[in-house]
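Enquirer: Sequence first, predicted model second:
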There are 2 protein chains.
Amino acid sequence: MKKIPESTVGRLSLYLRLLRDLSDRGVLTVSSEELATRAGTTAAQVRKDLSFFGTFGKRGLGYSVPELVKALRSILGLERSWRVALVGAGKIGTALLGYQDLRRQGFVIEAVFDADPSKIGRKWNNLQIRADDELEDVLSQGIDIVIVAVPADAAQGIVNRVVRAGVRAVLNFAPTRLTVPEGVTLKTVNMAAELEGLSYALVNEVWRAGDAGE
Amino acid sequence: MKKIPESTVGRLSLYLRLLRDLSDRGVLTVSSEELATRAGTTAAQVRKDLSFFGTFGKRGLGYSVPELVKALRSILGLERSWRVALVGAGKIGTALLGYQDLRRQGFVIEAVFDADPSKIGRKWNNLQIRADDELEDVLSQGIDIVIVAVPADAAQGIVNRVVRAGVRAVLNFAPTRLTVPEGVTLKTVNMAAELEGLSYALVNEVWRAGDAGE
DNA sequence: GTTGATTTGTGAATCGATTCACAAGCAGAA
DNA sequence: TTCTGCTTGTGAATCGATTCACAAATCAAC
């Protein structure tokens, strides 16, 4: 298999969301041009992105919406559900816990951990907050993804333990750079950095295309 | 001024964080090599990134940490503070409200809005949640940045109003693609998309470098 | 069945970002 | 002052992603 640009994967995610909208509205086929417009990219980009994974369209016709949804779900690994653990039951952690969309997409939070003893106990929808020292036990029982939502200075330590326990995918909300060994995928969501990007744009009068987002 | 890659701006943010750590530990100078190692990039990249904005180092010596911190703060527009409004006082919104780090970086949340009448009233640290229809009034009184944390289907409508009120920087947490006119900068934080990236990596056995994050 | 109107899939060309490689500058030693 | 060791700043080379452009496939009309 060739090397797939990370940006392509991000766009597939977006295409899928747009296709679901179309599907909900009963639209049956869509052209690369139409999809590109909605995604804020070009028709060639859409076709190239898809072509990495196979051929899904019909020349002269476009793409079948239901078929493409199915294909993208398969490519993105969304046909199964994923077992997720959340480490850190602070503000961001609890916000994520209540984020019902995740479950709907197949990301099921099955365990929550926190270092603060006063937090251990029942909380939110049928999930009991566990003590940090149970981490390894629970993770090795088949957790696929760990969400790290602890203070910056604790994050690398948690990630090390998580990786040692065999987890191969980590989503980090701590505002710090983390390192993981080869074979483990790490994504970081850094709100502070995004705000600094906005600050930069404001002081440097960025004229650039409006939708730098996504 | 030449065109600056967006990725460069993101890295400047990271360098600044690393430099502050060094500064706190009393380190006075740093080489591009040292900084690159901490940032997970290359020395050449560090020097190229900085060279877009001027020359900050001394050949043979490296960079003065305090001076570089000052320079980066200036480049990123962090020497002043920014007036921020938050639209949507749901889970994510309140998590952000409590995120003390933002204020420390100079992003001061000055107003909070919500569409739900039952939420209007006093809440969190000395901020009163306001009704949606006060939005235009408050924004035009000098808000620099708006954080959108409303449901996906309401987000574009809010952004349109925000832009019409003259705001030129928006941070979006709604899981949807938004469009803004030229001259307005939009950044989107999309947790669902990040998780789908992890899902993709898991099913496609991505061998790639460990620290794909950041 | 042939024509015309579409739209895909993809090699080739272009564009943009990263990396290389080295001259130039600085500090300290002699 | 000159020499040595080190590190920056930057044009040139490389690498990777996006865009172009067109042959091939499909459908509808006649």
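Expert: Noted; the coordinates are in hand.

Enquirer: contacts, neighbours, all on C-alpha from now
Expert: OK.

Enquirer: Can you tell me which helices and strands the helix or strand that contains residue A:12 packs against?
Expert: Per DSSP states H and E: residue A:12 is located in helix A:6-24. Counting contacts by 3 or more Cα pairs under 8 Å, 6 or more residues apart in numbering or on different chains; DSSP states H and E, helix A:6-24 packs against helix A:32-39, helix A:43-51, helix A:65-75, helix B:191-203.

Enquirer: got the contact list for the strand ranked longest in chain A?
Expert: Taking DSSP state E as the criterion, chain A has its longest strand at strand A:107-114. Outside strand A:107-114, the residues within contact range by Cα atoms under 8 Å, 6 or more residues apart in numbering or on different chains are A:81-89, A:97, A:102-103, A:120, A:127-132, A:135, A:138.

Enquirer: what do you get if the cut-off is 6 Å, keeping everything else the same?
Expert: Residues outside strand A:107-114 that contact it (Cα atoms under 6 Å, 6 or more residues apart in numbering or on different chains) are A:81-89, A:129-132.

Enquirer: which neighbours does that strand have in its sheet, and in what orientation?
Expert: Strand A:107-114 has the following strand partners under DSSP bridges: strand A:82-87 (parallel), strand A:127-131 (parallel).

Enquirer: Alpha carbons of it, as PDB, please.
Expert: Taking Å, rounded to 0.1, in the frame of the first residue of the first chain, the C-alpha atoms of strand A:107-114 are listed here in PDB:
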ATOM      1  CA  PHE A 107     -16.300   5.500  20.200                       C
ATOM      2  CA  VAL A 108     -17.500   4.100  23.500                       C
ATOM      3  CA  ILE A 109     -16.000   5.400  26.700                       C
ATOM      4  CA  GLU A 110     -15.700   2.400  29.000                       C
ATOM      5  CA  ALA A 111     -13.600   3.700  31.800                       C
ATOM      6  CA  VAL A 112     -12.600   6.900  33.500                       C
ATOM      7  CA  PHE A 113      -9.600   7.500  35.700                       C
ATOM      8  CA  ASP A 114      -8.500  10.300  37.900                       C
END
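
Enquirer: just checking, next helix/strand downstream of that strand?
Expert: strand A:121-123.

Enquirer: And the average pLDDT for that next one is what?
Expert: Taken as a whole, strand A:121-123 has an average pLDDT of 76.

Enquirer: what's the answer for stretch A:50-58, then?
Expert: 97.

Enquirer: ok, now stretch A:14-34?
Expert: Stretch A:14-34 comes out at a mean pLDDT of 97.

Enquirer: ok, it near DNA strand C or not?
Expert: Yes: on the criterion Cα under 7 Å from any atom of the strand, stretch A:14-34 is in touch with DNA strand C at A:30, A:31, A:32, A:33.

Enquirer: Relative to chain B, how far out is residue A:103?
Expert: According to Cα to the nearest Cα, to the nearest Å, residue A:103 stands 10 Å off from chain B.

Enquirer: meant to ask about residue A:179, not that
Expert: Applying Cα to the nearest Cα to residue A:179 and chain B gives a distance of 6 Å.

Enquirer: Could you dump the residues of stretch A:14-34 next to DNA strand C into JSON lines and include distance to residue B:5 and neighbour count?
Expert: Shown next, in JSON lines, are the residues of stretch A:14-34 next to DNA strand C (distance: Cα to Cα, whole Å; neighbours: other Cα atoms under 10 Å in any protein chain shown):
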{"residue": "A:30", "distance to residue B:5": "33", "neighbour count": "17"}
{"residue": "A:31", "distance to residue B:5": "31", "neighbour count": "20"}
{"residue": "A:32", "distance to residue B:5": "28", "neighbour count": "20"}
{"residue": "A:33", "distance to residue B:5": "27", "neighbour count": "17"}
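
Enquirer: Are any of the contacts of strand A:107-114 buried, and if so which?
Expert: A:82, A:83, A:84, A:85, A:86, A:87, A:88, A:89, A:129, A:130, A:131, A:132 (16 or more other Cα atoms under 10 Å in any protein chain shown).

Enquirer: tell me which of the residues you listed is nearest to residue B:13?
Expert: Taking Cα to Cα as the measure, residue B:13 sits nearest to residue A:88 out of the buried ones among the contacts of strand A:107-114, at 24.6 Å.

Enquirer: what's residue A:150 in contact with, if anything?
Expert: residue A:88.
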